[in-house]
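A.B. asks: Fold the following.
(2 chains)
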Amino acid sequence: EPEVTQTPSHQVTQMGQEVILRCVPISNHLYFYWYRQILGQKVEFLVSFYNNEISEKSEIFDDQFSVERPDGSNFTLKIRSTKLEDSAMYFCASSGGGPGGYTFGSGTRLTVV
Amino acid sequence: AQSVTQLGSHVSVSEGALVLLRCNYSSSVPPYLFWYVQYPNQGLQLLLKYTTGATLVKGINGFEAEFKKSETSFHLTKPSAHMSDAAEYFCAVSERGDYKLSFGAGTTVTVRA
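C.D. replies: Residues are numbered from 1 along each chain as shown, chains lettered A, B, ... in the order given. Reported below is the predicted structural model:
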């Protein structure tokens, strides 16, 4: 069964450093998403991406965040200058369109120290 | 805007007993409704979804859920719990035409032998 692959599975970074979280969506999917889950809290929507541009973003997704699909296969989330409160599990998802057609990756646990 | 409330952050059941996880939603338009399961250190796996049609939806691993519009509910049930059902369960909603998911806070299920 096709999978969404996220790397790395764990990342520890110092406050103020830039991090890039990587995702390989399912190859024929067209819609891409990032969600995050702070420990003990809800899974929260960050951003959706379609046709090489952001289609929607949440208020969490401020100027410190950016997304890119650099080469037609990868989908990345960049946090420019990490804060302690960015520590969370970040999930990538992709969809071929239509309701509920999401496939989630296993997540990247980001710890900012 | 849509939102989800999951009643009970922890549910403990005996093996073989009924599992009942409660989910209520609010949505300004007819919703799509989902249940996801998350096993430790894994991603979010779709259990089942309601988009249209029959209000009783069957999913994987013996789970089912019923959409009740009058009660704005989408409770998840399984007649007989198995040890492998121990996990965290998330209810989620999206509005028609918007594939962004809004998640509930999650319910952790433990199964007693």
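A.B. asks: quick one: the strands in chain A?
C.D. replies: Applying DSSP state E to chain A gives strands spanning A:5-7, A:10-13, A:19-24, A:31-37, A:43-50, A:53-57, A:65-68, A:75-79, A:88-95, A:102-104, A:108-112.
A.B. asks: hey, least reliable of these by pLDDT?
C.D. replies: Per-segment mean pLDDT for the strands of chain A reaches its minimum on strand A:102-104, at a mean of 88.
A.B. asks: what's across from residue 10 in the sheet?
C.D. replies: All of this refers to chain A. A:His10 forms beta bridges with A:Arg109, as assigned by DSSP bridges.
A.B. asks: Switch to chain B, please.
C.D. replies: B:Thr108.
A.B. asks: what does B:Gln38 give?
C.D. replies: B:Leu44, B:Glu88.
A.B. asks: which parts of chain B sit against chain A?
C.D. replies: Contact residues (Cβ under 8 Å from any Cβ of the partner chain) of chain B with chain A: B:32, B:34, B:36, B:41-46, B:49, B:51, B:90, B:92, B:94, B:96, B:98-106. Placement of C-beta: from N, CA and C, glycine included.
A.B. asks: which residues touch the residue nearest in space to the middle of chain B?
C.D. replies: Nearest residue to the geometric centre of chain B (Cα atoms, centre = their mean): B:Trp35, 3.4 Å. Neighbouring residues of B:Trp35 by Cβ atoms under 8 Å, 6 or more residues apart in numbering or on different chains: B:21, B:23, B:46-49, B:59, B:63, B:65, B:74, B:76, B:89-92.
A.B. asks: And for A:Gln64, nearest residue in space, chain neighbours not counted?
C.D. replies: Once flanking residues are discounted, A:Gln64 sits nearest to A:Arg80: 4.9 Å by Cβ to Cβ, 6 or more residues apart in numbering or on different chains.
A.B. asks: Please look at that neighbour and A:Asp62 and confirm they touch.
C.D. replies: No: taking contacts as Cβ atoms under 8 Å, A:Arg80 lies outside contact range of A:Asp62: 9.9 Å.
A.B. asks: Which one's more surrounded, these two?
C.D. replies: Each of A:Arg80 and A:Asp62 has its neighbours counted (other Cβ atoms under 10 Å in any protein chain shown); A:Arg80 has more, 13 against 9.
A.B. asks: Enumerate every residue touching the more buried one.
C.D. replies: A:18, A:63-66.
A.B. asks: just B:Gln6 next, same as before
C.D. replies: B:21-23, B:89-91, B:104-107.
A.B. asks: How about the residues of chain A by chain B?
C.D. replies: So chain A meets chain B at A:4, A:31, A:33, A:35, A:41-45, A:48, A:56, A:91, A:93, A:95, A:97, A:99-100, A:102, A:104-107 (Cβ under 8 Å from any Cβ).
A.B. asks: Let's see the ChimeraX selection covering just the buried ones among the residues you listed.
C.D. replies: In ChimeraX syntax, the buried subset of the residues of chain A next to chain B is picked out as below (16 or more other Cβ atoms under 10 Å in any protein chain shown):
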select /A:4,31,33,35,42,43,44,45,48,91,93,95,99,100,102,104,105,106,107
